[in-house]
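# Sequence first, then the predicted structure, then my questions.
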Amino acid sequence: MNHNWVIVFIAALFEIFWVIGLKHADSILEWGGTILAIIVSFYGLIIAGRGIPVGTVYAVFVGLGTAGTTAADILFFGEPFKLEKVLLILLLLVGVIGLKLVTDEKSPEGVES
């Protein structure tokens, strides 16, 4: 696996943290963690975009972030489980996996992978 994809997955994980932080942060420490997660998330997005087409990076980033945030809401914050929502998130993830499978992973000239 191209290391840029690993960076996309890590950036998406931090996206989940900052989205949760925007909704639930109440203290200076929590807001600090939220801001740090935003910085790490978008920095990872920028770095991964140097080796993978930006549109694909963004689509995967947002898809994984949406799926992760929805799962966290259901598992940790009492959001009601709705089969329709879960099926649509799974459809989104199928699209994300499809994008990964059809994306050319060759780095542009002058960029190290």
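That came through fine.
# give me the low-pLDDT residue ranges for the protein?
Along the chain, the parts satisfying pLDDT under 70 run over 1, 105-113.
# For the one residue sitting closest to the centre of the chain, give me its contacts.
Geometric centre of the chain, nearest residue: Ala12, 2.1 Å, by Cα atoms, centre = their mean. Taking Cβ atoms under 8 Å, 6 or more residues apart in numbering, we find Ala12 in contact with 41, 60-61, 64-65, 68. The C-beta positions use only the backbone N, C-alpha and C, and glycine is treated the same way.
# any idea how far it lies from Thr70?
The span separating Ala12 from Thr70 equals 13 Å under the rule Cβ to Cβ, to the nearest Å.
# Just the endpoints, please. Distance across stretch 40-58?
Looking at stretch 40-58, the gap from its leading to its trailing residue is 15 Å under the measure Cα to Cα, to the nearest Å.
# thinking again about what came up before, just flag the most distant two among the contacts of Ala12.
Taking Cβ to Cβ as the measure, the contacts of Ala12 span a maximum distance of 13.0 Å, between Ser41 and Val60.
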